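*Asks:* Curious how this folds, go ahead:
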Amino acid sequence: FFSSMNSTEASSRVYVYLADDPDVWLPASVLSGEGDGEAVVLVDGRSEPITINLKDDIYKSTSTTSITTNKHPQTSTQTTTTTPVYSLPLQNTSPSSPTTPLVLQDLISLPYLHEPAILHNLKSRHEASNPYTMCGDIVIALNPYQRLPLYTPALRSGINECYIFSASLPPPSSSPVPPHVYATSALAYRSLLLTGKDQSVLVSGESG
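*Replies:* Have a look, this model is predicted:
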């Protein structure tokens, strides 16, 4: 894959994440493959490319293959082979612009869902003053470290209208209202009305 690449055009590069000690993961693009498990990459915001070793354990995953021989029910045997695979995690980019990072309000809608993609999506939303992000039915909240107009009566009414009084619930990925902790309480109240049963909300995090 990388050995067949040799491009300086931004539109034809492969956009990946590069492991980094201080920043954990850095967005970068692959310029070319050097063979022997090496690749030349350019970190976003930098002018000089660097050569990395793809066989670093941080990029290691496994591929499992199962082969069944002699398929008779009483004598069949199954052999499982596990092969190490080394690859850079791919960035999520906009379908219309491969150089534009894709940032969504629901993590499970990301095409590539792995650690750097999750961290990048959360960071991008946090920097845009969106501290809440959905992961299916789960609300992930990051401390914005500033006062934001996120708890207004108008927003509360909009969330109630969407999640309590509407005939059908929108999926988190296309909800007309942004991810919010209010939606959690609204969904619990809706379930209480529909089922007549007690509801519970699990809150977990560093601050309790």
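*Asks:* Which helix or which strand is home to the residue positioned nearest the centre of the chain?
*Replies:* Closest to where the C-alpha atoms of the chain average out (C-alpha atoms, centre = their mean) is residue 118, at 3.5 Å. Element membership for residue 118, per DSSP states H and E: helix 115-127.
*Asks:* Return the residues in contact with the residue nearest to the centre of the chain.
*Replies:* 107, 110 (C-beta atoms under 8 Å, 6 or more residues apart in numbering). C-beta here means a position set from N, CA and C on the backbone, and glycine is covered the same way.
*Asks:* And the pLDDT for it?
*Replies:* We have a pLDDT of 96 for residue 118.
*Asks:* now the angle from the longest strand along the chain to helix 115-127?
*Replies:* Of all segments of type strand in the chain, defined using DSSP state E, the longest is strand 24-35. Strand 24-35 runs at 140 degrees relative to helix 115-127, counting by axes from the mean of the first three to the mean of the last three C-alpha atoms, to 10 degrees.
*Asks:* Just the buried residues of strand 24-35, please?
*Replies:* Using 16 or more other C-beta atoms under 10 Å as the burial criterion, the residues of strand 24-35 that qualify are 25, 26, 27, 28, 29, 30, 31, 32, 33.
*Asks:* Which secondary structure elements does it sit against?
*Replies:* Judged by 3 or more C-beta pairs under 8 Å, 6 or more residues apart in numbering; DSSP states H and E, the packing partners of strand 24-35 are strand 14-20, strand 38-43, helix 115-127.
*Asks:* got the CA coordinates for the second one in CSV?
*Replies:* This points to strand 38-43. Output of strand 38-43 as CSV, limited to C-alpha atoms (Å, rounded to 0.1, in the frame of the first residue of the first chain):
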residue,chain,number,x,y,z
GLU,A,38,8.7,2.9,6.5
ALA,A,39,6.6,5.8,5.3
VAL,A,40,7.3,9.5,4.7
VAL,A,41,4.6,11.6,6.4
LEU,A,42,3.9,15.3,6.8
VAL,A,43,2.4,16.4,10.1
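*Asks:* Any chance you could list what contacts that strand?
*Replies:* Contacts for strand 38-43 (C-beta under 8 Å, 6+ apart): 2, 5, 16, 18, 26-34, 48-54, 88.
*Asks:* one more time with 6 Å, if that's ok
*Replies:* With contacts defined as C-beta atoms under 6 Å, 6 or more residues apart in numbering, strand 38-43 is touched by 2, 18, 26, 28-33, 49, 51-54.
*Asks:* quick one, that strand and strand 14-20 angle?
*Replies:* Using the same axes, to 10 degrees: strand 38-43 against strand 14-20 is 90 degrees.
*Asks:* now the longest strand of the chain: mean pLDDT?
*Replies:* For strand 24-35, the per-residue pLDDT averages 83.
*Asks:* Numbering from 643 from now on, please.
*Replies:* Happy to do that; since the first residue is 643 now, the last one works out to strand 666-677.
*Asks:* Which one of the contacts of strand 680-685 is nearest to residue 792?
*Replies:* For the contacts of strand 680-685, the minimum distance to residue 792 (C-beta to C-beta) is 29.8 Å, reached by residue 668.
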